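Novice: pasting a predicted model and its sequence here:
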Amino acid sequence: MERDYNLVDLYMNAFPNSRDLYRRALKIFPSGVTHDSRFLKPYPIYVTHAAGSKKWDEDGNEYIDYWAGHGALLLGHCHPAMVQAASDQLRKGTHLGACHRLEIEWGELVMQIIPSAERVRFTSSGTEATMMTLRLARTYTGKNKVIKFAGHFHGWNDPLIIGANPPYEAPPPGIPKGFLENTIICPPNDIEAVERVLSEDRDVACVILEPTGASFGVIPTSGDFLKALRDLTRRHGVLLIFDEVITGFRISPGGAQEYYGVLPDLTALAKILAGGLPGGAVCGRREIMELLEIKDDEEWKLKRKMYHPGTYNANPLSASAGIATLKIVKTGEPCQRANELAAKLRKGMNEVIDSHGLRNWCVYGEFSGFKYLLNHDCDLRGRCDYGACKLDYRKLKGANPPELSHALRCAMLLNGVDAPAVGGMTTAAHTEEDIEKTCEAFDKAIRMLKRSGLI
């Protein structure tokens, strides 16, 4: 390995101010971070500000950003309409401790945009929203168990963090035995497995999934599977829950349910919903959402009413940002723009891969997402559109080796692109020039990996 191309040395020299901040952070936070996915060796970059498709770090470096606020920023950073709305509300109050006009307007927009939304209840996060969907499903059906799919992430609440990360069968630490017994994990896209469970177990309250597949399509899910799942759950009297925390308002204004024409019983929303501020929601069928109602009926209070507080539910600051964002999203133009740019990015990055002769690499994805697939031999390489990839997680052992994924992420940062190790998302704020520069950065990053002896 040539010393000049030791990625760790290059990284340490490029971001000295971030290094100093990380040393301080290590004295405060476990592993120095406040979100697991922001952890990066030897240390993460520290960002000072962002605008549109760009952000800048403590060392003055500019990046094209594909984190998109963990998926929350379809319009890009600091969209003027969102900033104006939030700034105006900031002067009026951030927490009124009361009902307010904005929560009504925000809820009305959700009902106009999301096809299955007959009633809405706001939460403070996506994790809270998925947690509420389970409680509602159990209360409504009187059953206890939930079916989820290996690799699908639904927040870090106890029942749903099970099976989210490999090895999927291993119980996460700190989860009580009762949750392990009541969460059933099925292989992704395996309708026969779901049917077997539902035929044998009458205590299943609901099935929950990310409707485009695990982590926004790392293991993609098809519309045909969603339709089959809808038919199956309806036949067995089991509720179908779409976790549209990422896909809601992103793949189309009405999310995956609008795009595929499949209506779930309940939907969990967050991220774009609040324009990049904290906020989530659950929406769905009227008779299920009715369980949140307050009634002068003692039996109702004791046996049916689902208790739901939440200090920051529908807070006016998040509501104002959400309203401004959803009014723009509702037009459909941001989704279309982000989707088109992602398709161009995937095409361009695969052309770079081909130019380097990396036959076991590809960049795939659908809608506004792109995913790296490294060191995985595929019979369809060069004969597919790198879109709706039919991956089977059970056959992916050895793909995306951690050392290589980590090195690629660091190399991309050194070349002015910030994206998660597994891939990223485009926004409506990205430009054709951003796509071209990203492909150039990808080319340079691969050259760095080659000269470092990693590929």
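Specialist: Arrived safely, thanks for sending. Numbers count the residues shown, from 1 in each chain.
Novice: not counting sequence-adjacent ones, nearest residue to K301?
Specialist: With sequence-adjacent residues excluded and distances taken as CB to CB, 6 or more residues apart in numbering, K301 is closest to K295, at 7.3 Å. Where you see a C-beta, it was placed from the backbone N, CA and C, and this is true even at glycine.
Novice: quick check: the one you found vs R121, distance?
Specialist: Taking CB to CB, to the nearest Å as the measure, K295 and R121 are separated by 16 Å.
Novice: of these two, which one has the most company?
Specialist: More crowded of K295 and R121, by other CB atoms under 10 Å: R121, with 20 against 11.
Novice: so the closest residue to the more buried one other than its chain neighbours versus L266, what's the distance?
Specialist: Closest residue to R121 apart from its sequence neighbours, by CB to CB, 6+ apart: V282 at 5.3 Å. The spacing between V282 and L266, counted by CB to CB, is 6 Å.
Novice: what's the overlap in contacts for the two?
Specialist: T133, L136 (CB atoms under 8 Å, 6 or more residues apart in numbering).
Novice: quick check: the residue nearest to R121 vs M349, distance?
Specialist: Here V282 is placed at a distance of 36 Å from M349 (CB to CB).
Novice: of those two, which one has the most company?
Specialist: Taking other CB under 10 Å, V282 and M349 do not tie; V282 has more neighbours (28 against 25).
Novice: what mean pLDDT does whichever strand or helix holds that one get?
Specialist: For V282, the element it lies in under DSSP states H and E is strand 280-284. Taken as a whole, strand 280-284 has an average pLDDT of 98.
Novice: before we move on, what about stretch 355-365?
Specialist: 95.
Novice: can you check stretch 190-210 too?
Specialist: Regarding stretch 190-210, the rounded mean pLDDT is 98.
Novice: buried sites along it?
Specialist: Neighbour-count burial for stretch 190-210 flags A193, V194, E195, V197, L198, V204, A205, C206, V207, I208, L209, E210 (criterion: 16 or more other CB atoms under 10 Å).
Novice: which of the residues you listed sits closest to K305?
Specialist: Of all these, A205 has the smallest distance to K305: 17.4 Å, by CB to CB.
Novice: from the contact counts, what lies against the helix or strand the closest one falls within?
Specialist: For A205, the element it lies in under DSSP H and E is strand 204-209. Using 3 or more CB pairs under 8 Å, 6 or more residues apart in numbering; DSSP states H and E, the elements in contact with strand 204-209 are helix 126-141, strand 145-149, helix 191-200, helix 223-235, strand 239-243.
Novice: G32 contacts R19, correct?
Specialist: No. Contact criterion CB atoms under 8 Å: G32 and R19 do not qualify, at 11.0 Å.
Novice: tell me, what's touching the two both at once?
Specialist: Y43.
Novice: against A445, how distant is the closest residue to F39 other than its chain neighbours?
Specialist: Nearest non-adjacent residue to F39, counting by CB to CB, 6+ apart: V33, 4.8 Å away. Distance, V33 to A445, using CB to CB: 23 Å.
Novice: same thing with F249?
Specialist: On the measure of CB to CB, F249 and A445 end up 31 Å apart.
Novice: those two: which has the busier surroundings?
Specialist: Between F249 and A445, counted using other CB under 10 Å, F249 has the larger neighbour count: 27 against 22.
Novice: point out where this structure drops to low pLDDT.
Specialist: 1-5 (pLDDT under 70).
Novice: so what are the domain limits for it?
Specialist: The chain breaks down by automatic domain parsing into domains covering 3-76+333-451, 80-329.
Novice: picking up where we left off before, would you mind finding the most buried of the helices and strands packed on strand 204-209?
Specialist: strand 239-243 (a mean of 28; mean count of other CB atoms under 10 Å).
Novice: can you give me how far the helix or strand just after that strand is from the chain middle?
Specialist: Counting by DSSP H and E, the next helix or strand C-terminal to strand 239-243 is helix 255-260. Remark: helix 255-260 is offset 16 Å from the chain centroid, using CA atoms, centre = their mean, to the nearest Å.
Novice: in contact with the residue nearest the centre of the chain, which residues?
Specialist: Compute the mean C-alpha point of the chain, and by CA atoms, centre = their mean the closest residue is I246, 4.0 Å away. Neighbouring residues of I246 by CB under 8 Å, 6+ apart: G71, E210, T212, F216, K271.
Novice: next up, identify which helix or strand I64 is on.
Specialist: Per DSSP H and E: I64 is located in strand 62-65.
Novice: and D297, how close does it get to A193?
Specialist: Distance, D297 to A193, by CB to CB: 41 Å.
Novice: now M425
Specialist: 30 Å.
Novice: equivalent analysis for K327, please.
Specialist: Distance from K327 to A193, counting by CB to CB: 42 Å.
Novice: same question, Q336
Specialist: Computed as CB to CB, the Q336 to A193 distance reads 35 Å.
Novice: and for E258?
Specialist: 27 Å.
Novice: again, but for S252
Specialist: With CB to CB as the criterion, S252 and A193 are 28 Å apart.
Novice: repeat that for I175.
Specialist: As for I175, its distance to A193 is 22 Å (criterion: CB to CB).
Novice: what of I104?
Specialist: For I104 relative to A193 (CB to CB), the value is 43 Å.
Novice: what's the closest residue to Y259 other than its chain neighbours in contact with, if anything?
Specialist: Using CB to CB, 6+ apart and skipping residues adjacent in sequence, the residue nearest Y259 is S252, 4.4 Å away. Neighbouring residues of S252 by CB under 8 Å, 6+ apart: E258, Y259, G332, C335.
Novice: and the gap between S252 and G310?
Specialist: Here the criterion is CB to CB. By it, S252 lies 28 Å from G310.
Novice: contact partners for F225?
Specialist: F225 sits next to N189, I191 when contact means CB under 8 Å, 6+ apart.
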